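*Asks:* Sharing a sequence plus its predicted fold:
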Amino acid sequence: MARAWVFGDDVDTDQIIAGRYLVKTDPQELARHVMEAIDPKFASKVSKGDVIIAGRNFGCGSSREHAAIALKAAGISAIVAESFARIFFRNAINQGLPAVVCKGVRGGFKSGDIVEVDLEAGEVRNLSTGKTFKFQPMPEFIMRILRAGGMIPYLKQTSGKPGAFK
Amino acid sequence: MAEKILARASKRERVAPGEIVEAEVDVAMVHDITGPMVVEGLREVGVEKVWDPSKIVVVFDHQVPADSIDAAKNHILLREFVREQGIENFYDVFEGICHQVLPEKGFALPGRLIVGADSHTCTYGAFGCFATGIGSTDMVSVFATGKLWLRVPESMRIEIEGKLPRRVAAKDLILYIIGDLGADGASYRSVEFVGEGMRDISVGGRMTMCNMAVEMGAKTAMVPSDAKSKRYLAGRAREPYKVVQSDRGATYVEELTYDASELEPQVACPHSVDDVRAVREVEGVEIDQAFLGSCTNGRFEDLLQAAKILKRRRIPKSVRMIVAPASREVYLQALDRGIMKIFVEAGALVEPPCCAACMGGHTGILGPGEVCISSSNRNFRGRMGSPDAKIYLASPATVAASAVRGAIADPRDI
Ligand code: SF4
């Protein structure tokens, strides 16, 4: 079952993955250093399917796509935050990692709670407390990218024409 | 302004904030960190030819010259890509930081839509264009098709009144504004810096301000084109351009005014860019390293400000000062004017033009417990090395004054 990892406001991309690791493009390699600046053991504690719950402005800072790649490779299945920095938001979607804006979610979880994210229904459920948080479901073209597993697989399906989502 | 540029780029009469448009990009830039992922992405999708090699710019600036085998491999990959695609606008390890090189080489023109695989691409807004940072996968679509979907941002107007006092710089002003608005105070918005005070600020100072707009979440920032910025572009612009101005009576989600004449030197304290205080409040904090450079403040006028303070002074042994000019052009200018000599005589280390210590992946990495004062744009935990190091962001004058003192110092006292 997916567990929640709760973070505060303004988690920046240098904290998610530091500059010195950016020469690497191998996702697994990046995943080993994910969130190192906040919690050096994070990479070893997180399990597949876990969800990040965060405050405002998640992913602020650099445009490094390595940040979204590292989180996804570490097993994170979705990030639910009060708000996102825009470049990170795009990068996450492009990597097939759902980034969900959900007001009030931060206060509704503590790390370790069992969580369920339902993209189609627009709900984040805290199964440990029984509370449910609603969000605006994503537009269809974003859902299509997510279903394909990211922008690159999506482009492959649509033979390189991103214009197809209009 | 943002709406007009996006309307033109998406071939529409007009666009409104919140709308999603598919826009045609005028210039697309990648550098040595974000570029390799774009090339890999293109190969994976099976794109053989980029949409228009003449609109692509590739700059090596983050890890130059290569500092590891991995970096060297990335450089080889991109050099091959540039050759195979016939990309002529390629600047190898000696030219400087992308955000300095694009304006210098005349790519940052008024009215253009420019995207770069780097968050500080918004720097070019100093010339009245719509410039924004995107990730590597978005850049794969741009390289493949020349197009990108964008949400039309709401515009926000920041008017600057008055002149900056002596030894107070555009950097102090933008730090103050970020401190006031917060790290997400301009999220997803297009920020227009306008007013008498703005016209008074140099082109370099405007670039500093637009550069840091992303630190308050802005999608882009712009300064209306005027005689000053046109003068800079004269002889540089690659093609004729048409200036775009905002309409009288344009609507803004927020309008703010700041008075530059009352400002004093500012510093952003660790570990967030919006924890901004007057230098006076943190004076005396001992430092181990002082970094002067980056796309925020590595320009000639920045080096000049610092050199004025360092002239005939010695940096104490307890401090390492690193200076990295933002570009080859800046480097040459500084050499010509004898500024590099002042730095070296004062005991600073001068590096080739590149990002240097700014992103903590290359030279000048901080160890645990160390304190650095830097003219760059981010003081996030771990940005310049150890997560246990502390970074203070300040103007070039404050960095130089602090280097001389061995502790954070107000440049007006020196
Ligand atoms: S100088 Fe720093 S902020 Fe600017 S492009 Fe280089 S690493 Fe990024």
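*Replies:* Nice, I can see it.
*Asks:* Could you give me the buried positions within stretch B:377-395?
*Replies:* For stretch B:377-395, burial by neighbour count (16 or more other Cβ atoms under 10 Å in any protein chain shown) applies to B:377-387, B:389-395. Where C-beta positions appear, they are placed from N, C-alpha and C, glycine not excepted.
*Asks:* My read is that B:D32 contacts B:H62, right?
*Replies:* Yes: the criterion here is Cβ atoms under 8 Å, and B:D32 meets it with B:H62 at 5.3 Å.
*Asks:* follow-up on the earlier one: ok, and which of the buried residues of stretch B:377-395 reach the ligand?
*Replies:* Applying Cβ under 6 Å from any ligand atom to these, one finds that B:N377 fall near the ligand.
*Asks:* List the ones among the buried residues of stretch B:377-395 that fall in strands.
*Replies:* B:390-393 (DSSP state E).
*Asks:* quick one: which of the residues you listed is nearest to chain A?
*Replies:* B:I391 (10.3 Å; Cβ to the nearest Cβ).
*Asks:* Phi first, then psi, for the closest residue to the closest one other than its chain neighbours.
*Replies:* In space, and not counting its chain neighbours, B:I391 is closest to B:N379: 3.7 Å by Cβ to Cβ, 6 or more residues apart in numbering or on different chains. Per-residue torsions, B:N379: phi -120, psi 30 (degrees, to the nearest 10).
*Asks:* which ones are touching A:K48?
*Replies:* A:75, A:77 (Cβ atoms under 8 Å, 6 or more residues apart in numbering or on different chains).
*Asks:* how far away is it from chain B?
*Replies:* 22 Å (Cβ to the nearest Cβ, to the nearest Å).
*Asks:* quick one: the residue nearest to B:I391 and B:D274 touch, right?
*Replies:* No: counting by Cβ under 8 Å, B:N379 does not reach B:D274; the two are 10.2 Å apart.
*Asks:* and for these two, which residues touch both?
*Replies:* B:A268.
*Asks:* So which bits of stretch B:330-337 are buried?
*Replies:* B:330-331, B:333-334.
*Asks:* which pair in these spans the largest distance?
*Replies:* Maximum pairwise distance among the buried residues of stretch B:330-337 (Cβ to Cβ): 7.3 Å, between B:Y331 and B:Q333.
*Asks:* how many other residues sit next to A:A121?
*Replies:* 12 (other Cβ atoms under 10 Å in any protein chain shown).
*Asks:* Over to it. Which of the three states is it?
*Replies:* Classification of A:A121 using DSSP: H, G, I helix; E, B strand; the rest coil returns coil.
*Asks:* what's the closest non-adjacent residue to it?
*Replies:* Closest to A:A121 by Cβ to Cβ, 6+ apart is A:P137, at 7.4 Å.
*Asks:* can you confirm the one you found is in a strand?
*Replies:* No: counting by three-state DSSP, A:P137 is located in no strand; its state is coil.
*Asks:* Can you pull the residues of the stretch 101-250 of chain B lying near chain A?
*Replies:* Taking Cβ under 8 Å from any Cβ of the partner chain as the measure of proximity, the stretch 101-250 of chain B contacts chain A at B:117-119, B:121, B:133-138, B:140-141, B:144-145, B:147, B:149, B:183-184, B:187-188, B:215, B:217, B:219.
*Asks:* circling back to that earlier point, tell me which residues touch the residue nearest to B:I391, please.
*Replies:* Counting by Cβ under 8 Å, 6+ apart, B:N379 touches B:268-273, B:390-393.
*Asks:* Let me see the confidence value for A:T25.
*Replies:* What the model reports for A:T25 is a pLDDT of 80.
*Asks:* could you check the distance from it over to A:H66?
*Replies:* Going from A:T25 to A:H66 by Cβ to Cβ, to the nearest Å gives 8 Å.
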